[in-house]
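Enquirer: Got a sequence here, can you build the structure:
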Amino acid sequence: MTQPELDAETLYAQLQSQVQSALAGTPRLAVVGIYSGGAWLADRLAKSLAVTDVGYIDVSFYRDDYAEKGLHAEVRPSHIPFEVDGATILLVDDVLYTGRTTRAAINTLFDYGRPAKVMLAALLDRGGRQLPVAADFVAKKITLEENQLLILQKAEDGQLSLTVDHA
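Expert: Predicted coordinates:
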């Protein structure tokens, strides 16, 4: 299988355009990124939307496959420094795959309160869902082999890049 062309900055611009068109001016909008790639995207989206309520979630302990997969190399505390009750939350992740990370992130959010609405934005949707989860905003849908991983990286200057690796 040939690897798709993946320019992270172009994909981000497409995602930003979708989100900005749909959510600009939304009252009580907050942006929450899933560590780490989703957090980088969330920071940029919040800035472009002029949203000051920004938070971050680490789903490591909330995943239903925690015992099977173990912990990532770096576990960070979730940080939601705003009132979740009644807010419209834009949940941001870099890659949507099985849906398990999204489910875990929503469980985490509800530990902080009951949002009015949760919307999902993802840079890439690679299919392969195991749970009924769909993104409201996605820059691109791609197909990869099961043993391939998409890795979003952020350079020191803030530029994003995507690579395809093998598990």
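
Enquirer: so after the one helix or strand in the chain whose mean pLDDT sits lowest, what's the next helix or strand?
Expert: Scoring the helices and strands of the chain by mean pLDDT, DSSP states H and E places helix 66-69 at the bottom, with a mean of 50. For helix 66-69, the succeeding helix or strand toward the C-terminus, using DSSP states H and E, is strand 88-96.

Enquirer: That next one - contacts with which helices or strands?
Expert: helix 8-23, strand 29-34, helix 37-49, helix 100-112, strand 117-125, strand 148-154 (3 or more Cβ pairs under 8 Å, 6 or more residues apart in numbering; DSSP states H and E). Glycine gets a C-beta too; all of them are placed from N, C-alpha and C.

Enquirer: If we use 6 Å, what do you get?
Expert: When contacts are defined as 3 or more Cβ pairs under 6 Å, 6 or more residues apart in numbering; DSSP states H and E, strand 88-96 packs onto strand 29-34, helix 37-49, strand 117-125.

Enquirer: And for residue 112, nearest residue in space, chain neighbours not counted?
Expert: residue 84 (4.3 Å; Cβ to Cβ, 6 or more residues apart in numbering).

Enquirer: what's the burial count for the one you found?
Expert: 20 (other Cβ atoms under 10 Å).

Enquirer: give me every residue that touches it.
Expert: Residue 84 is in contact with 112, 113, 115, counting by Cβ atoms under 6 Å, 6 or more residues apart in numbering.

Enquirer: didn't the second one look like it was pressed against residue 85?
Expert: What it means is residue 113. Yes: the criterion here is Cβ atoms under 6 Å, and residue 113 meets it with residue 85 at 4.0 Å.

Enquirer: Those two: who's more crowded?
Expert: residue 113 (14 against 11).
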